[in-house]
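A.B. asks: predicted structure and sequence below. I'll ask about it afterward.
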Amino acid sequence: MSVSADSDSAPEPAPTKTSRAGRDLPAAIAVGGGLGVGLIVVLVFVPLVFIPIAAVAVAVASWEVTKRLRESDISVPRIPVILGGQAMIWLSWPFGALGGLSAFAATVLVTMVWRLLSGGLDVAPKNFLRDCAISIFVLAWLPLFGAFATLLTLSDDGGFRVLVLMIAVVCSDVGGYAAGVLFGRHAMAPAISPKKSWEGLGGSLLFSVVGCVLTVSFLLDANPLVGALLGVLVVFSSTLGDLIESQVKRELGIKDMGTMLPGHGGLMDRLDSVLPSILVAWLVLTAFV
């Protein structure tokens, strides 16, 4: 008796389960949980190790972003961006904010000259103004914001301050995701990120404020009102950071900046909400704690 070709063929693999956010949720939870546990161990026991971790993360994210820009024929000078970014982070260690800002200014100058001379002295560069403007945007978006992680870590209780920031961002993400999935009905920015809702923003505010009040009170022994202020500001900084990256990816026509982290995309896809929140946390905690 003959057997049909269909019965001989191997069964098709089951499709990967994705969440309403379009992600492989089990993989995302596993990767996020692993990274979170590792960071907690570092921040509690060897907080200064967080500075090289931040430096590597910024370098990898810079590589991802410049690679995607180059794929869209935007010539961002990769070497000055990555090396200058490292200078911003490491010079913030001995020289504080002045060191990071000076490195930023020097890197901007080097980047402009690099792009000007990219084709030699006999060839005028094309799209010079556009490429330089985007290069400066990338330098401010990634390494300049990232340099404030060094300043935050170097405080007397720097490990706990960074931990407060990370918990605030995680609470914002989890609260926004949960409320958005359960109650999301009204799109917040449909033209930029259709899955974000005002209900999700409310969940982010609730979770982040509660998380910050608890961590600021118990980890930093500071006024709970400072935690409430930080929680509110982190929600807005992380949400805006996510929207900014969403708009960049929309203009480039891509879904993710990379593929390094299963369930998340590239490393930059995890740092988009963290980077502006580092600056917010440093400002609030320096001023009030």
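C.D. replies: Thanks, I have it.
A.B. asks: let me see the ranges of the strands in the stretch 51-200 of the chain.
C.D. replies: 187-189, 193-197 (DSSP state E, counting those that start in this stretch).
A.B. asks: need the winner for burial among the ones you listed.
C.D. replies: Highest mean neighbour count of the strands of the stretch 51-200 of the chain: strand 193-197, a mean of 18 (counted as mean count of other CB atoms under 10 Å). The way it works is simple: take the backbone N, C-alpha and C, and place the C-beta from them, glycine included.
A.B. asks: off-centre distance for that one?
C.D. replies: Offset of strand 193-197 from its chain centre (CA atoms, centre = their mean, to the nearest Å): 18 Å.
A.B. asks: can you offset everything so residue one is 57?
C.D. replies: Yep, numbering from 57; the last one is strand 249-253 now.
A.B. asks: is it true that residue 276 touches residue 340?
C.D. replies: No - taking CB atoms under 8 Å as the definition, residue 276 is not a contact partner of residue 340, at 11.1 Å.
A.B. asks: more neighbours, these two?
C.D. replies: A direct count of neighbours by other CB atoms under 10 Å for residue 276 and residue 340 places residue 340 higher, at 23 against 18.
A.B. asks: what strand or helix carries the more buried one?
C.D. replies: Following DSSP states H and E, one finds residue 340 within helix 330-344.
A.B. asks: what helices or strands is the longest helix along the chain leaning on?
C.D. replies: Determined from DSSP state H, the single longest helix within the chain is helix 134-172. Counting contacts by 3 or more CB pairs under 8 Å, 6 or more residues apart in numbering; DSSP states H and E, helix 134-172 packs against helix 106-127, helix 184-195, helix 201-209.
A.B. asks: so which bits of the longest one are buried?
C.D. replies: If I follow you right, that is helix 106-127. Buried residues in helix 106-127, counted by 16 or more other CB atoms under 10 Å: 106-107, 110-111, 113-122, 124-125.
A.B. asks: again with stretch 125-136
C.D. replies: Going by neighbour count (16+ other CB under 10 Å), the buried part of stretch 125-136 is 125, 130-134, 136.
A.B. asks: measure that stretch end to end?
C.D. replies: End-to-end distance of stretch 125-136 (CA to CA, to the nearest Å): 15 Å.
A.B. asks: what's that stretch in contact with?
C.D. replies: With contact meaning CB atoms under 8 Å, 6 or more residues apart in numbering, stretch 125-136 is reached by 118-119, 121-122, 163, 166-167, 170-171, 174, 181, 183, 186-187, 190-191, 194, 308-309.
A.B. asks: likewise for stretch 294-312?
C.D. replies: 124-125, 127-128, 197, 225, 228-229, 232, 245, 248-249, 252, 257, 260, 313, 320-322, 324-325, 328-333.
A.B. asks: pull out the buried members of those residues.
C.D. replies: Buried subset of the contacts of stretch 294-312 (neighbour count, 16+ other CB under 10 Å): 124-125, 197, 225, 228-229, 232, 245, 248-249, 252, 257, 260, 313, 320-322, 324-325, 328-333.
A.B. asks: so for stretch 170-179, mean pLDDT?
C.D. replies: Stretch 170-179 carries an average pLDDT of 87.
A.B. asks: thought residue 158 was touching residue 148?
C.D. replies: No - judged on CB under 8 Å, residue 158 makes no contact with residue 148 at a distance of 9.8 Å.
A.B. asks: show me which of the two is the more surrounded one.
C.D. replies: residue 148 (27 against 15).
A.B. asks: could you give me the average pLDDT of stretch 216-236?
C.D. replies: The pLDDT scores in stretch 216-236 average 95.
A.B. asks: typed the wrong thing, it's stretch 114-133
C.D. replies: Averaged over stretch 114-133, pLDDT sits at 95.
A.B. asks: what of stretch 293-304?
C.D. replies: For stretch 293-304, mean pLDDT is 96.
A.B. asks: distance between that stretch and the chain's centre?
C.D. replies: 9 Å.
A.B. asks: which residues does residue 279 contact?
C.D. replies: Going by CB under 8 Å, 6+ apart, residue 279 touches 272, 344.
A.B. asks: how about the nearest residue to residue 227, chain neighbours excluded?
C.D. replies: Closest residue to residue 227 apart from its sequence neighbours, by CB to CB, 6 or more residues apart in numbering: residue 267 at 3.6 Å.
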